[in-house]
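Visitor: Here's a sequence, model it:
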Amino acid sequence: MLNKTVLITGVSRGIGLSIAQAFAGNGYYVVGTSRSPFDLETALGSNHCIHIPLDVTDREAIKKAHEKISASNLLPGVIVNNAGITKDQIFLRMKDDDWDEVINTNLSSVFNITKVFLKPMVKAREGRVINISSVAGLMGNPGQVNYSSSKAAIGGFTKSLAKEVASRNITVNSIAPGFISSDMTKALSEEQQSQILNQIPANKFGDPKDIADLAIFLASEKGQYITGQTISVDGGLYMI
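Guide: Residues are numbered from 1 along each chain as shown. As a prediction, the model looks like this:
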């Protein structure tokens, strides 16, 4: 029986919060992290959770968080690497810091978190790692060389790690969201929204719950034979 504790990074809003709500609703104890303090109990309407302020680019802070979680007997059976940022700019104007911060937050954090929390899964011979990627990592986007690169690299990370740990009954998969309803999409003009929707065969934006539902499936026994995959949830925006 898979340990029903889940660790979710970037839990305070959007897709991360929706994933936390879904796992909480399915009987999981939720360990959520974000850079700033956050009232996770109120957001989930449950005390079956804990929030830890954490910078996922800070390896020493992650080690301390691991010690705290381990001491509380809350080591996760499921890891959801969701934390991410954007710093969009056309390539020739992109600053070095814009590249470094996006790569460190979106990609290196996946290494940082997984490296520390995977070891107990290997020992237990079971677990799930779910990485939140993006359709931008599959098809590219102008002005997002940094972001698209970070998300594309998650696909390689996912495949390689999946091959290493499959014999330990651990699956590693990525979810690549397309355009998901958020504060960002709501801020777009009607013309901008129309232009985007014209590229999506489903002719609608996704809902954060669409991502959360897939995460729940991949974490369940029903998803136990799926590993090394990047699954797009994008209304048909990108098809291989």
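
Visitor: what pairs with Val80 across the strands?
Guide: Ile8, Ile130 (DSSP bridges).

Visitor: list the contacts for the residue nearest the centre of the chain?
Guide: Against the mean C-alpha coordinate of the chain, by Cα atoms, centre = their mean, the closest residue is Asn82 at 2.3 Å. Contacts for Asn82 were tallied using Cβ atoms under 8 Å, 6 or more residues apart in numbering; they are 8-11, 15-16, 19, 132. For every residue, glycine as well, the C-beta is placed using N, CA and C.

Visitor: now swap in Leu118 and tell me
Guide: Leu118 touches 79, 127, 129, 165, 170, counting by Cβ under 8 Å, 6+ apart.

Visitor: hmm, back to that, ok, the contacts of Asn82 vs Ala215, which is closest?
Guide: Ile19 (5.2 Å; Cβ to Cβ).

Visitor: The closest one should be in a strand, yeah?
Guide: No: using DSSP: H, G, I helix; E, B strand; the rest coil, the assignment for Ile19 is helix, not a strand.

Visitor: My guess is it contacts Ala215. True?
Guide: Yes: using Cβ atoms under 8 Å, Ile19 is in contact with Ala215, at 5.2 Å.

Visitor: what is in contact with the two at once?
Guide: Counting by Cβ under 8 Å, 6+ apart, the residues touching both Ile19 and Ala215 are Val80.

Visitor: Tell me which of those two has more neighbours.
Guide: Of the pair Ile19 and Ala215, Ile19 is the one with more neighbours under other Cβ atoms under 10 Å, namely 30 against 27.

Visitor: Fine by me, thanks again.
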